[in-house]
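In: Model the structure of this input:
(one chain, ligands or ions: 2)
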Amino acid sequence: MVLAIESSCDETAAALVHRGVVLASVVASQAALHSEYGGVVPELAVREHLRNLLPVTREALARAGVGTRDIRAVVATRGPGLPAALAAGYAAAQGFALATGLPLMGVHHHEAHLYSPWIEGTPPRAAWEKLEPHVSLIVSGGHTMLVRVDAVGRHRVLGSTLDDAAGECLDKAAKLMGLGYPGGPLVDRLAEEGRADAGLFPRPMLHEPGDDFSFSGLKTSVRTYLSRHPGCTDGAASLRDVCAELRAAVVETLVGKAVRAALREKVGCITASGGVTCSVGLRRELERHAAKAGLACRLAQPAYCTDNAAMAGVLGEQLWMSGVQPDAPGLEVTPGWDLDAAGLRPRAKAAMAT
Ligand code: KG4
Ligand code: ZN
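Out: Ligands and ions are numbered 1, 2, ... in the order given. Predicted structure coming up:
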């Protein structure tokens, strides 16, 4: 039984995982608190994490119907993320590990996102046995990247955003349209009822070689369009159309580059995770284009797209069982942890031999 804690940004989360099965996953979101400020305020995030860590953990234990004595290992997100936010959750996990003598496995937040699409079914379980070489799209408010994955812990970043992340672009453009924060979900909802046939916005770097992304120019295009067409989002219908145009630009870029990378890498499967993978438009288009290209498509369930501790728990448990060494006592958080480096962690000899 593994207790997992996640606090890298503005969600405080705890989960209990046993042999890949998610027994409980509890998330306290701070979105409402930060929406007033139009973005995450680190000091407020830390205060909320400190407030929520114990209740969220207690709730996870109660939902799983287990006690602290059933736990055999602790997992916590060690990076990347907001330094003080990471430290809040990681220090709590360190304290628990120290008091109980249990091992603590720090996990990489994006590596946890990376394998979240493999959590499936009821009860939710990580289908590690199904994992095959694939190309994975991680797309959130902070990151947009394409990663080639060959096995658990064996992955290589193919490309990432040179500036804004896709979610950040949606959120910033939504703010320009007066839609509040985070605006990504609302843009997605409005886009469902709008038309996107005018090609108003560019598909950044879609036809350039390489797997990198760039979304800050798209945000600028939205700003320019809004200033040249004052009042264009005043009517509900036109607001929906601008949202549909914006979403189409983001989705076509993500889907086009992900499918191209998967075909070039000669893998048979594409996966997607991270908050933007909640977008119904992105889910539909990824599935459609993957099928057209003869690729399997595996999307993280919406509950595991946004930040949660279940994805950290299943990964941490798997790493621990495969012999990756737990964190040394007193280790500090790694806010700038590189995803490629996280895949090269030392394994104990005994486990490696099995
Ligand atoms: O993974 P996440 O919870 O946090 C990190 O950024 O790590 O992702 C949050 C992002 C935000 O930019 C939010 O606008 C976006 O995910 N998002 C969506 C949807 N739901 C969340 N974007 C588009 N459509 C959605 N339905
Ligand atoms: Zn995340």
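In: quick one: the spatially most central residue of the chain from residue 286, how far?
Out: For the chain, the residue whose C-alpha lies nearest the mean C-alpha position (Cα atoms, centre = their mean) is residue 274; its distance is 2.8 Å. According to Cβ to Cβ, to the nearest Å, residue 274 and residue 286 sit 12 Å apart. Heads up, the C-betas are built off the backbone N, CA and C, glycines and all.
In: anything in contact with each of these two?
Out: When contacts are counted by Cβ atoms under 8 Å, 6 or more residues apart in numbering, residue 274 and residue 286 are jointly contacted by residue 137.
In: element containing residue 211, please.
Out: Under DSSP states H and E, no helix or strand contains residue 211.
In: residue ranges of the strands in the protein, please?
Out: With strands called from DSSP state E, the chain shows them at 2-6, 11-18, 21-29, 73-79, 104-108, 119-120, 125-126, 134-139, 144-151, 154-160, 269-273, 296-299.
In: Determine which stretch of those is the most buried.
Out: strand 2-6 (a mean of 30; mean count of other Cβ atoms under 10 Å).
In: mind saving the C-alpha coords of it as PDB?
Out: The C-alpha trace of strand 2-6 is given here as PDB (Å, rounded to 0.1, in the frame of the first residue of the first chain):
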ATOM      1  CA  VAL A   2       1.400   3.300  -1.100                       C
ATOM      2  CA  LEU A   3       0.400   6.800   0.200                       C
ATOM      3  CA  ALA A   4       1.000   9.500  -2.400                       C
ATOM      4  CA  ILE A   5       1.000  13.200  -2.000                       C
ATOM      5  CA  GLU A   6       1.000  15.900  -4.800                       C
END
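In: average model confidence for that strand?
Out: On average, the pLDDT along strand 2-6 is 98.
In: So in that sheet, which strands flank that strand, and in what orientation?
Out: Strand 2-6 has the following sheet partners, assigned by DSSP bridges: strand 11-18 (antiparallel), strand 73-79 (parallel).
In: so how far is the first one off the chain centroid?
Out: Mean-position distance between strand 11-18 and its chain equals 15 Å (Cα atoms, centre = their mean, to the nearest Å).
In: what inclination does it have with respect to strand 21-29?
Out: Orientation check (axes from the mean of the first three to the mean of the last three Cα atoms, to 10 degrees): strand 11-18 against strand 21-29 gives 170 degrees.
In: does any bit of strand 11-18 sit next to ligand 1?
Out: No: contact of strand 11-18 with ligand 1 (Cβ under 6 Å from any ligand atom) is absent, the minimum separation being 6.7 Å.
In: Quick one: mean pLDDT for that strand?
Out: For strand 11-18, mean pLDDT rounds to 97.
In: do the shortest one as well
Out: On average, the pLDDT along strand 73-79 is 98.
In: start at 38 instead
Out: That works, and once the first residue is 38, the last one we named lands at strand 110-116.
In: number of nearby residues for residue 261?
Out: Residue 261: 11 surrounding residues under other Cβ atoms under 10 Å.
In: For residue 178, see how far away it is.
Out: Distance of residue 261 to residue 178, given as Cβ to Cβ: 23 Å.
In: ditto for residue 225
Out: 13 Å.
In: what do you get for residue 102?
Out: According to Cβ to Cβ, residue 102 and residue 178 sit 34 Å apart.
In: quick one, which of those two is more surrounded?
Out: The neighbour count for residue 102 versus residue 178, taken as other Cβ under 10 Å, is higher for residue 178 (24 against 10).
In: ok, residue 276 touching residue 226?
Out: No: counting by Cβ atoms under 8 Å, residue 276 does not reach residue 226; the two are 11.4 Å apart.
In: Settle it for me: which of those two has more neighbours?
Out: Legend: neighbour count by other Cβ under 10 Å for residue 276 and residue 226, higher for residue 276 (19 against 14).
In: who's in contact with the more buried one?
Out: Residues near residue 276 by Cβ under 8 Å, 6+ apart: 214, 227, 231, 270.
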